[in-house]
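Student: predicted model and sequence follow; I will ask about them next.
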Amino acid sequence: MPMPVLRVIVLWHQHQPFYKDLVTGEYRLPWVRLHALKDYYGMVKLLDEFPNVHQTFNLVPSLITQIQDYVAGTAQDPFLQVATKPARDLTPDERRFALQYLFQANPVNMIGRYPRYQQLWERFRATGDSPERADKYFQPQDFTDLQVLSQIAWFDEFFLDDPEVAALIKKGHGYSLDDQEFVIARERELLGKVLPTHAQASQRGGIEISTSPFYHPILPLLCDTNQGGVSTPGLLLPQNRFRHPEDAREQLQRGLDLHQKVFGVRPTGVWPSEGSVSEDVLGLAHSLGVKWMATDEGVLGRSLGVFFSRGAEGRMDSSLAEKLYTIHRYEGNKSTMHMVFRDHTISDLVGFVYSSMPAHDAATHLINNIRNAAQPVLDKGRDAVVPVILDGENAWEYYPQSGREFLRRFYDALQREPGMEAVTVAEAIARHKDKDFGQLTTLVPGSWINANFNVWIGAPEDNRAWDYLYHARNFYTQAAPAASEAQRTLAFEELLIAEGSDWNWWYGPEHHSANDREFDELYRKHLSNVYQALGASPPDYLAQPIIGGAARPSFTPQTAYIRPKVTGDMIRYFEWMGAAVYTADRRSGSMHGKRFLLDSVYAGIDEDHVYGRLDFAGKVPEMDFELVINLESWAAEAVRPRRALRLEVDVRERRVQRWKVGAPEESDPIADLNNSAGEVKIALSRNFEFRLPLDWLLAKPVLSTNPSGKTAVPVATRLRLRFSLWHNHLPVDALPLEGWIELPLLSEENLAALAF
């Protein structure tokens, strides 16, 4: 009788969010470029040394298109622009940006690898990580060295062996503009090696390339957001139920098509985004010819009603091991699918533990762990399949030299270990005995994280993001038939991008990074682009962040009635004393590309009017723009505003060309530039100011009562105001950044009491 075989499936998932704004063409963050330099090429190239080690590489389609964009030279990100520019030509903002972001690398394994880079980093750290304070301690030569080394730190280990790159590293400091230009030029050349290397390895049979849905959406939630409640009963869901299985199918279809176009072979397997599966998703994949999908052991455990508990040496009892370490066939919902379930514990050891161990010890532990885990199955004379599935990029920053020594030792042991073979998923399925397949007729929806979808739905921020997506998707359905083909194409592409999982990864309490704000801005930009592409203005709420807790602006409430002359001349300081004041904190969104145009806003009332003033950050912007001021009156305990108004002001060449004020739901304005009531004042000079009658908001500071002393109607007790600046029908800046300015509708005496 032949000895049983232990087959090890290693699947590396290569993914970055879609950072490109399709309207501006700018990449808001640089991580596709940097990880393509550092990880994707070398992870495949390394297998040339181990021809008997076969692996699966899952390349997300939107990652592929972004790599292609960089290779073509058509992609630009602000980090690259700052790294490219001669140091002496950097503006003050660009110098601060360089200090803020060019140190975004692992301080030990990347920065610490280059003494001059570490010296500069320590100088920056000594200022309290403050770009503003650090700027005066950095001379042009310091910036040039930072620009060069911040790029080299992301070069793949194979690229560092290039003689010209090695010579540059040996130079160590005192880099020239020629050195800087060489590094940037070499980046594009190296990026061009990534996809061809994958294609060549696939053609040799060394790797299998699988795919994901195009923009990395959570497919079960695209099919129906109520699946979040199926996976986690009682979960708080969005107000609006998003159900677009046709979008899920489109995302999957596009992923399969792109891989066939780029690599010449249609993939048979899919790692669904975040391992997120449901029976509906399996049905969609089956209909598109997909033969296998992979997810986490937690989904299998919930589907079978078991928990894969481990004892000594990471072993389960034999009945559990037999359930996990095999390949399953799902048959149900008129579809079939081979299913692979990752060993959660072993995969996480590679991602989070082995980086702190000596490479030899870590590789030995991993091989022994795999063997010990599968031994109960092997002892019964059955072949075992152990899937190790994890990111093929993020972990390596925490390993010395990108983990290459660890991987070499692990791969060498894999090909030498008796009775063990490293195979692709398709090879494992083909070699598995019919009698050994596990059988599944039902599948509990879930992901690789806790076998549910709670990272992406359920928290207030998550649900708000889904509601905004719901409204944008509905708007597309209504407006697309009347639009041109080009408009429909762009709007639908933006919708598909907004359906990606990465935005909600950063919303909610689970995950945070230095780029939370950038992700939030980019998500709302994609949604705004849907409306703009179809010739409409985006909803006002897209001007404000979904994410909370980062802004720390200052706010002073109104303490006295104000009666300023509305002239747009900000030198009249005393006329605004007593107004509520909201001042922006620009540190809450300090990224290159974020335009800070609004500095502060003032608001207040007297007996009959509401006043507002907006101060710009510097001069009135030279570009054409639109100011939008939203005003609402609210009664106590009300669930919706008593009255809402929207003041729109078009500014061309720093002059007001048009304005109107009216209710958002009414087509005819109450007043405009050509039909202005005497009580309305609009002015723009050094700043912007306005005055509107409180009557238009059904509001008065003094409460009205009927003769019996009871309130005749629900009266307004407060006003809310929000200011935003728009350019080309898209929100650029807003104050408050989150929420509203609130004005209590009190007598002047009671307002004064708020000062104490």
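Tutor: Cool, the structure landed.
Student: show me where pLDDT drops low in the stretch 51-200 of the chain?
Tutor: Scanning the stretch 51-200 of the chain for pLDDT under 70 picks out nothing.
Student: all helices for it, in order.
Tutor: 61-72, 78-84, 92-101, 115-125, 131-134, 140-152, 157-160, 163-171, 177-191, 194-204 (DSSP state H, counting those that start in this stretch).
Student: with the stretch 201-350 of the chain instead?
Tutor: Under DSSP H, counting those that start in this stretch, the stretch 201-350 of the chain gives helices at 219-223, 227-231, 245-263, 279-287, 297-304, 318-324, 344-352.
Student: please identify the deepest-packed of these.
Tutor: Scoring these by mean neighbour count under mean count of other Cβ atoms under 10 Å gives helix 219-223 as the most buried, with a mean of 29. C-beta here means a position set from N, CA and C on the backbone, and glycine is covered the same way.
Student: show me what that one is packed up against.
Tutor: Applying 3 or more Cβ pairs under 8 Å, 6 or more residues apart in numbering; DSSP states H and E, one finds that helix 219-223 makes contact with helix 227-231, helix 245-263, helix 279-287.
Student: make a markdown table out of those helices and add mean pLDDT and distance to Asp156.
Tutor: Below are the helices and strands packed on helix 219-223 laid out as a markdown table (pLDDT from 0 to 100; distance: least, Cβ to Cβ, whole Å):
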| stretch | mean pLDDT | distance to Asp156 |
| --- | --- | --- |
| helix 227-231 | 95 | 38 |
| helix 245-263 | 98 | 20 |
| helix 279-287 | 97 | 33 |
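Student: looking at these, which is nearest to Gly298?
Tutor: Nearest to Gly298, of all the helices and strands packed on helix 219-223, is helix 227-231, at 10.6 Å by Cβ to Cβ.
Student: restricting to C-alpha, output the closest one in PDB.
Tutor: Taking C-alpha atoms only, helix 227-231 is exported to PDB below (Å, rounded to 0.1, in the frame of the first residue of the first chain):
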ATOM      1  CA  GLN A 227     -26.300  38.400   4.900                       C
ATOM      2  CA  GLY A 228     -24.500  40.300   7.600                       C
ATOM      3  CA  GLY A 229     -27.400  39.500   9.900                       C
ATOM      4  CA  VAL A 230     -27.400  35.900   8.800                       C
ATOM      5  CA  SER A 231     -23.800  35.500   9.700                       C
END
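Student: could we number from 820 for the rest of this?
Tutor: Okay, residue one is now 820; in that scheme the one you just asked about reads as helix 1046-1050.
Student: tell me the helices and strands packed up against it.
Tutor: helix 1038-1042.
Student: ok now the helix it packs on, how far from the chain's centre?
Tutor: 18 Å (Cα atoms, centre = their mean, to the nearest Å).
Student: go on, stretch 996-1007?
Tutor: 29 Å.
Student: same question for stretch 1172-1180.
Tutor: On Cα atoms, centre = their mean, the centre of stretch 1172-1180 falls 31 Å from that of its chain.
Student: give the contact list for the closest residue to Lys857 other than its chain neighbours.
Tutor: Distance criterion Cβ to Cβ, 6 or more residues apart in numbering; nearest residue to Lys857, sequence neighbours excluded, is Trp973 at 4.6 Å. Counting by Cβ atoms under 8 Å, 6 or more residues apart in numbering, Trp973 makes contact with 853-854, 856-857, 924, 929.
Student: could you do Phe1061 as well?
Tutor: 1040-1041, 1043-1044, 1285, 1288-1289, 1292.
Student: any chance of the contacts of Trp973 in JSON lines, plus distance to Trp1111?
Tutor: What follows is those, written out as JSON lines (distance: Cβ to Cβ, whole Å):
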{"residue": "Leu853", "distance to Trp1111": "31"}
{"residue": "His854", "distance to Trp1111": "26"}
{"residue": "Leu856", "distance to Trp1111": "31"}
{"residue": "Lys857", "distance to Trp1111": "29"}
{"residue": "Ala924", "distance to Trp1111": "36"}
{"residue": "Met929", "distance to Trp1111": "36"}
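Student: out of the contacts of Phe1061, which are buried?
Tutor: The neighbour-count test (16 or more other Cβ atoms under 10 Å) marks 1040-1041, 1043-1044, 1285, 1288-1289, 1292 as buried among those.
Student: what's the closest of these to Ala1482?
Tutor: Tyr1289 (23.9 Å).
Student: name the nearest residue to the closest one, sequence neighbours excluded.
Tutor: Closest to Tyr1289 by Cβ to Cβ, 6+ apart is Asn1059, at 4.1 Å.
Student: quick check: that neighbour touching Asp1286?
Tutor: Yes - with contact defined as Cβ atoms under 8 Å, Asn1059 and Asp1286 form a contacting pair (5.3 Å).
Student: what about this protein, any weak spots by pLDDT?
Tutor: Short version for the chain, where the test is pLDDT under 70: 820, 1131, 1368-1373, 1389-1392, 1404-1414, 1496, 1521-1533, 1549, 1557, 1571-1575.
Student: quick revisit: count the neighbours of the residue nearest to Tyr1289 for me.
Tutor: For Asn1059, the neighbour count with other Cβ atoms under 10 Å is 16.
Student: same question, Gln960
Tutor: Gln960 has 14 nearby residues by other Cβ under 10 Å.
Student: that one and Arg935, how far apart?
Tutor: Relative to Arg935, Gln960 is positioned 10 Å away (Cβ to Cβ, to the nearest Å).
Student: please look at Val872 and Leu866 and confirm they touch.
Tutor: Yes - applying Cβ under 8 Å as the test, Val872 and Leu866 come out as touching, 6.0 Å apart.
Student: shared neighbours, these two?
Tutor: In contact with both Val872 and Leu866: 1025, 1230, using Cβ under 8 Å, 6+ apart.
Student: who are the contact partners of Ala1182?
Tutor: 1225, 1228-1229, 1231-1232.
Student: which strand or helix spans it?
Tutor: helix 1178-1197 (DSSP states H and E).
Student: can you give me the buried ones in that helix?
Tutor: 1178, 1181-1182, 1184-1186, 1188-1190, 1192-1197.
Student: chain center to stretch 995-1003, what's the gap?
Tutor: Taking mean C-alpha positions (Cα atoms, centre = their mean), stretch 995-1003 and its chain are 31 Å apart.
Student: what's around Arg1473, how many residues?
Tutor: Neighbours around Arg1473, by other Cβ under 10 Å: 14.
Student: find the nearest non-adjacent residue to it, please.
Tutor: Val1439 (4.9 Å).
Student: do I have it right that that neighbour meets Arg1505?
Tutor: Yes - shown here, Val1439 and Arg1505 form a contact pair, counting by Cβ under 8 Å, at 7.4 Å.
Student: more neighbours, these two?
Tutor: Val1439 (18 against 14).
Student: who's in contact with the more buried one?
Tutor: Counting by Cβ under 8 Å, 6+ apart, Val1439 has contacts 1470, 1473, 1503, 1505-1506.
Student: in TSV, list the residues you listed along with distance to Ser1106 and secondary structure.
Tutor: Compiled in TSV, these are given as follows (distance: Cβ to Cβ, whole Å; DSSP: H, G, I helix; E, B strand; the rest coil):
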residue	distance to Ser1106	secondary structure
Val1470	52	strand
Arg1473	57	coil
Leu1503	58	strand
Arg1505	63	coil
Asn1506	59	coil
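Student: which two from those residues end up farthest apart in space?
Tutor: Val1470 and Arg1505 (13.4 Å).
Student: distance of Leu1014 relative to Gly947?
Tutor: 42 Å.
Student: and for Pro1036?
Tutor: From Pro1036 over to Gly947 (counting by Cβ to Cβ), the distance is 40 Å.
Student: Gln999 is nearest to which of the helices of the stretch 1020-1169 of the chain?
Tutor: That would be helix 1064-1082 among the helices of the stretch 1020-1169 of the chain, by Cβ to Cβ, at 31.9 Å.
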